[in-house]
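>>> Requesting a structural model of the entry that follows:
(chains A and B)
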2 protein chains.
Amino acid sequence: MRMVDIIVNKREGNANTQAEIDFLINGYVNGEIPDYQISAWLMATFFQGMSDEESFYLTKAMLYSGDIIDLSMVDGVKVDKHSTGGVGDKTTLVLGPLVASVGAKVAKLSGRGLGHTGGTLDKMESIEGMSIDISEEKFIEQVNDINIAVAGQTKKLVPADKLLYALRDVTGTVPSKPLIASSIMSKKLASGADVICLDVKIGDGAFMKTLEDAKDLSKIMVAIGDSFGKKVTAFITDMDQPLGHTIGNRLEVKEAMETLMGNGPEDLETLCVNIASYMIYYANKAETLEAAKQLAYDQLHNGKAFAKFEEFIQAQGGVVPNLNDFIHVDEVMPYKAKKAGYIKQIKALNIGLASMKLGGGRETKEQDIDPNVGIVLHKKVGQCVEVGEVLCDIYRNQKWSDDILGLLDDAYCIVEEVVETPETIKTIIG
Amino acid sequence: MRMVDIIVNKREGNANTQAEIDFLINGYVNGEIPDYQISAWLMATFFQGMSDEESFYLTKAMLYSGDIIDLSMVDGVKVDKHSTGGVGDKTTLVLGPLVASVGAKVAKLSGRGLGHTGGTLDKMESIEGMSIDISEEKFIEQVNDINIAVAGQTKKLVPADKLLYALRDVTGTVPSKPLIASSIMSKKLASGADVICLDVKIGDGAFMKTLEDAKDLSKIMVAIGDSFGKKVTAFITDMDQPLGHTIGNRLEVKEAMETLMGNGPEDLETLCVNIASYMIYYANKAETLEAAKQLAYDQLHNGKAFAKFEEFIQAQGGVVPNLNDFIHVDEVMPYKAKKAGYIKQIKALNIGLASMKLGGGRETKEQDIDPNVGIVLHKKVGQCVEVGEVLCDIYRNQKWSDDILGLLDDAYCIVEEVVETPETIKTIIG
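Residues are numbered from 1 along each chain as shown, chains lettered A, B, ... in the order given. Next up is the predicted model:
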């Protein structure tokens, strides 16, 4: 088998066989196939796409390129959730304790944030004492014991994805749906869950710009899940503005805690209740989806979800934050409207970048982050503002960059016509 | 400027700017841009194509990546000819002396053959004493003196093409028309000619399989020539069978000499007279194309073209072959028809490969070749044959390979219906 023939097959619009895809992935991971052949194949795949079978074979080959987490020692249905990356996305911090509180098993491996989107691990580590560095035994024990554990990746999960992603990033082949789908699904499958909910963001600053693109991507991922015998549901959700009101690690933990206490912003609660309902239903913790949804709502409002959060934080050595003494900044700078009207868009990418430049996110993997800084939105899309009204507060310490205000100026689109409040969940696939 | 942005521009169907193309070619030649980015760009170019401007910029960037032959010391119009690679293609050996005999200047740099197609240098070196290793001064002096010189490339012409071609070969990006066009044209332009005739082969064993493809490629090359102020004409010619009757270095020299004496096979003479007419006309050696064509025909039949051939061979130290004692083989093996009917096709690729396996061509750059071996066709497409009639003779020495007969079996397509003699020249562009 020759790599050039595999490239030509794909270029000509023929499907690659399982043997070809295995040869390609194994050869690449082993260093036998050079980058320049893989990148030509990636670009041909960008143009020609992949059949469902090919996406399955690719995901499988990537999955088996590394370790796979064995959750067979966890009793019950393991649920997991993945977001394609959003700004202000603290969903995992809410969903985990919420579904664990009704008996679904949450054994979650999370990553750190890079660029304009935050990572769950960074948010968790902003809580005093919290450790994400726990052994596999303790991890499994904790899930069996209290239904939830969150840890950083230690094993070599899907090395093929790390290699391919790095190559895609520099060869203009990131936005290929089957490549995105197999990248996400191989990592989720390697984490060992039975039920997977995917939060596919659309809008500014998201991978997918349109509903159609997001639907196509979602269908590929659901089909891959089916082929592996996993229940996958994709939620296509709004990212034409940040989720909730807060951006920045501690600010987001605070908002997640408020949501777990039944006092969260509407969009965040809606999203969490809906995703939770599928996780609860497919984990056999409710008879119907409707009942699961009601249960999820109730758990947020009867204190049980928050109690599970406290249990979870303490189990991993953390101190449950006192919200009156959690966020420490030198200054809270109001950012005011320069124009009256209805807010049509709050560009999530800009807000994410502004928070990063305040020190709340990393531009490179090595950077330290300041968990206190960030942005708090006072107005969301659809709301009416007057000139001089505070649109958001900038929580800052020493770090400052002159383009932060420019990013905010550009983020807000204010128009004269009435703007409807956007639907948080656009559609559900799976 | 970042290479990934250049790739994305091309991927999205936007034209690359001249600055982008210069950056890409210079960066690649300097080793600053890695193979894997270039190969992604090549594949994106395969799918998105190039505008005439982009093809011009690419050709220019490649041309200036290395040395350019300075023919300003040659008086008069310099003519050159390039074939996209055919089997039995001895056209240069005829055309050079033919157009030189009427005063056009032929300052030709030629290459060696690789694979199933022969190279002009190999054919010339099969003549005793002939040297293609001549200094630049002597080369120019000889062109001024007798109108013709042929030499091997010594200067570093178009290093970008060598790099790009090697990468295209292993990344499935060879058959992209703008990439083929800029590869051919950059080399021709580096050789310094004013008038360039291109022989674009179509059919089995040729780069271009269809007339449409060949027309598209030809138009790109003619447009590139225009942009450089050069007169380029493309002849789209038949390669559904080898050209003339002979394949193999000395066998082809013999046939070229016979053609120069007015005794050549019809297809070869037709092709040479037609291409020569454009070279003669654009070199201002005839008033009209029609007059140029008559002149070319006359020179083949009045001994003047052959006299120029003798002068040329002797000027480069060669001994004009005695055709009765030129080809030395152990055996001439007749290959006979197994079926009666009309010959519909003689697959040029198969005949070329058979000749190569006899030792007449190289599989790798390092191989020595036997100038005596090859194949002589006795029947051509359109002719009627009986079972047992000799289709061709195999001129062989020690070297033999069991699949040679299989290649010949597969080369001949014999049918019951009458087959028309194919047109040698399908169309002319430019």
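>>> Confirm A:Asp133 sits in a strand?
No - A:Asp133 is assigned coil when assessed by DSSP: H, G, I helix; E, B strand; the rest coil, not a strand.
>>> how far away is it from A:Ala292?
Distance, A:Asp133 to A:Ala292, using CB to CB, to the nearest Å: 33 Å. Any C-beta I mention is one placed from the backbone N, CA and C, and that applies to glycine too.
>>> Which one of the two is surrounded by more residues?
The neighbour comparison of A:Asp133 against A:Ala292 (other CB atoms under 10 Å in any protein chain shown) goes to A:Ala292, with 26 against 10.
>>> Wait, a helix at A:Lys426?
No - counting by three-state DSSP, A:Lys426 is not part of a helix but strand.
>>> Show me what from chain A comes close to chain B.
A:3-4, A:7-8, A:11, A:34-40, A:42-44, A:46-47, A:167, A:169-173 (CB under 8 Å from any CB of the partner chain).
>>> Buried among these? Make that a ChimeraX selection.
To isolate the buried ones among these in ChimeraX, judged by 16 or more other CB atoms under 10 Å in any protein chain shown, type:
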select /A:3,4,7,8,11,34,35,36,37,38,39,40,42,43,44,46,47,167,170,171,172,173
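>>> Quick test: name the residue nearest the centre of chain A.
A:Ser83 (2.6 Å; CA atoms, centre = their mean).
>>> Quick check: phi and psi at that residue.
phi -110, psi 140 (degrees, to the nearest 10).
>>> element containing the closest residue in space to it that isn't next to it in sequence?
Spatial nearest neighbour of A:Ser83, excluding adjacent residues (CB to CB, 6 or more residues apart in numbering or on different chains): A:Asp199 at 4.1 Å. Here A:Asp199 sits within strand A:195-202, counting by DSSP states H and E.
>>> for A:Asp80, same thing?
Judged by DSSP H and E, A:Asp80 forms part of strand A:78-83.
>>> Next one, pLDDT for the residue of the stretch 251-400 of chain A found nearest chain B please.
Nearest residue of the stretch 251-400 of chain A to chain B (CB to the nearest CB) works out as A:Glu363 at 16.0 Å. With respect to pLDDT, A:Glu363 scores 76.
>>> count of residues packed around it?
12.
>>> what's the neighbour count on the residue nearest to it when sequence neighbours are not counted?
Leaving aside its chain neighbours, A:Glu363 sits nearest to A:Met356 (6.6 Å; criterion: CB to CB, 6+ apart). Residues within reach of A:Met356, counting by other CB under 10 Å, total 28.
>>> For the residue nearest to A:Ser83, name its beta-bridge partners.
A:Ser83, A:Phe235 (DSSP bridges).
>>> so the closest residue to A:Lys357 other than its chain neighbours is in which element?
Distances taken as CB to CB, 6+ apart place A:Ser401 nearest to A:Lys357, at 4.3 Å, with adjacent residues excluded. Using DSSP H and E, A:Ser401 falls within no helix or strand.
>>> Roughly how far does A:Ser401 sit from chain B?
22 Å (CB to the nearest CB, to the nearest Å).
>>> and that residue, what are its phi and psi?
For A:Ser401, the backbone dihedrals (degrees, to the nearest 10) come out as phi -140, psi 140.
>>> residues near it, how many?
Neighbour tally, A:Ser401, other CB under 10 Å: 14.
>>> Now do the closest residue to A:Gly430 other than its chain neighbours against A:Met221, distance only.
Leaving out its chain neighbours, the residue that sits closest to A:Gly430 by CB to CB, 6+ apart is A:Thr233, at 3.7 Å. Distance, A:Thr233 to A:Met221, using CB to CB: 10 Å.
>>> Which stretches in the stretch 151-300 of chain A count as helices?
Along the stretch 151-300 of chain A, the segments classed as helices by DSSP state H, counting those that start in this stretch run A:159-171, A:177-190, A:211-227, A:249-260, A:266-282, A:289-301.
>>> next one: the stretch 1-150 of chain A
According to DSSP H, counting those that start in this stretch, the helices that the stretch 1-150 of chain A contains are A:3-11, A:18-29, A:35-48, A:52-63, A:91-100, A:120-125, A:136-146.
>>> Now the third one: average pLDDT?
Mean per-residue pLDDT for helix A:35-48: 98.
>>> Which elements pack onto that helix?
For helix A:35-48, the packing partners by 3 or more CB pairs under 8 Å, 6 or more residues apart in numbering or on different chains; DSSP states H and E come out as helix A:3-11, helix A:18-29, helix A:159-171, helix A:177-190, helix B:3-11, helix B:35-48, helix B:159-171.
>>> Give me every residue in contact with it, excluding its own residues.
For helix A:35-48, contacts defined as CB atoms under 8 Å, 6 or more residues apart in numbering or on different chains pick out A:3-4, A:6-7, A:10-11, A:13, A:24, A:28, A:164, A:167-168, A:171-173, A:175-176, A:178-179, B:7, B:11, B:34-40, B:42-44, B:46-47, B:167, B:170-173.
>>> okay, the angle between it and helix B:35-48?
Interaxial angle of helix A:35-48 relative to helix B:35-48 (axes from the mean of the first three to the mean of the last three CA atoms, to 10 degrees): 30 degrees.
>>> List the contacts of A:Glu252.
Residues in contact with A:Glu252, defined by CB under 8 Å, 6+ apart, are A:Gly88, A:Lys90, A:Leu93, A:Gly118, A:Lys123, A:Gly244, A:Thr246, A:Gly374.
>>> How about it, nearest residue that isn't a chain neighbour?
A:Lys90 (4.1 Å).
>>> ok, that neighbour - how many residues close by?
There are 27 residues near A:Lys90, going by other CB under 10 Å.
>>> phi, psi of it?
The phi/psi pair for A:Lys90 (degrees, to the nearest 10) is phi -110, psi 20.
>>> these two touch, right, it and A:Glu255?
Yes - if you go by CB atoms under 8 Å, A:Lys90 and A:Glu255 touch, sitting 6.0 Å apart.
>>> so what's in contact with A:Thr233 and A:Met221 at the same time?
Going by CB under 8 Å, 6+ apart, residues that sit against A:Thr233 and also against A:Met221 are A:Leu198.
>>> neighbour count winner among those two?
A:Met221 (30 against 24).
>>> Distance of the more buried one relative to chain B?
A:Met221 is 23 Å from chain B, by CB to the nearest CB.
>>> How about that residue: what's its closest non-neighbour residue?
Nearest one to A:Met221, counting by CB to CB, 6+ apart, is A:Ala181 at 4.8 Å.
>>> and the one you found, what is it in contact with?
A:Ser55, A:Thr59, A:Leu217, A:Ile220, A:Met221, A:Ile224.
>>> just A:Ala292 next, same as before
A:Ala276, A:Ser277, A:Tyr278, A:Ile280, A:Tyr281, A:Lys285, A:Ala286.
>>> out of everything not next to it in sequence, what's closest to it?
A:Ala286 (3.6 Å).
>>> So, low pLDDT: which residues of the stretch 51-200 of chain A?
Applying pLDDT under 70 to the stretch 51-200 of chain A flags the ranges A:112-118, A:154-155.
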